[in-house]
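Asks: sequence plus predicted model, see below.
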Amino acid sequence: MANPPRRPVSAMDAAEALFKPAKKVAAAPAVERPALPNTRELVSLKIDSDVLAYFQEAGPGWQERINDTLRAAMQKKS
């Protein structure tokens, strides 16, 4: 069995080898995991600056206060 040359014979062959389309590997489908009960999820949320200032003026724990307010609104609706 003959081994191919380590280097291409011509510059044209080398250039064509570089631009040869690569084979794409299919990505594995994303696995959706069920949400765990009583866990918090990190999200990015845009709110007005005066609303943020209102919750932050009472000091640490402002994120929990926003969560509690949203939960109360959610329970009121249902």
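Replies: Structure received. Residues are numbered from 1 along each chain as shown.
Asks: in the protein, where is pLDDT below threshold?
Replies: 1, 4-5, 7-8 (pLDDT under 70).
Asks: buried residues of the longest helix along it, list them for me.
Replies: When the chain is parsed with DSSP state H, its longest helix is helix 62-77. For helix 62-77, burial by neighbour count (16 or more other C-beta atoms under 10 Å) applies to residue 66. (Glycine included, C-beta is placed from N, CA and C.)
Asks: and residue 22, how many neighbours?
Replies: Here the number of neighbours of residue 22 (other C-beta atoms under 10 Å) works out to 6.
Asks: which SS class is it?
Replies: What DSSP: H, G, I helix; E, B strand; the rest coil gives for residue 22 is coil.
Asks: and residue 56, what is it in contact with?
Replies: Contact analysis of residue 56 by C-beta atoms under 8 Å, 6 or more residues apart in numbering lists residue 62.
Asks: now it: how far from residue 66?
Replies: 10 Å (C-beta to C-beta, to the nearest Å).
Asks: could you do residue 38 as well?
Replies: Distance from residue 38 to residue 66, counting by C-beta to C-beta: 17 Å.
Asks: could you do residue 33 as well?
Replies: The gap separating residue 33 from residue 66 is 25 Å, by C-beta to C-beta.
Asks: swap in residue 57?
Replies: 13 Å.
Asks: again with residue 54
Replies: Going from residue 54 to residue 66 by C-beta to C-beta gives 10 Å.
Asks: and for stretch 28-41, what's in contact with it?
Replies: Contacts of stretch 28-41 (C-beta under 8 Å, 6+ apart): residue 67.
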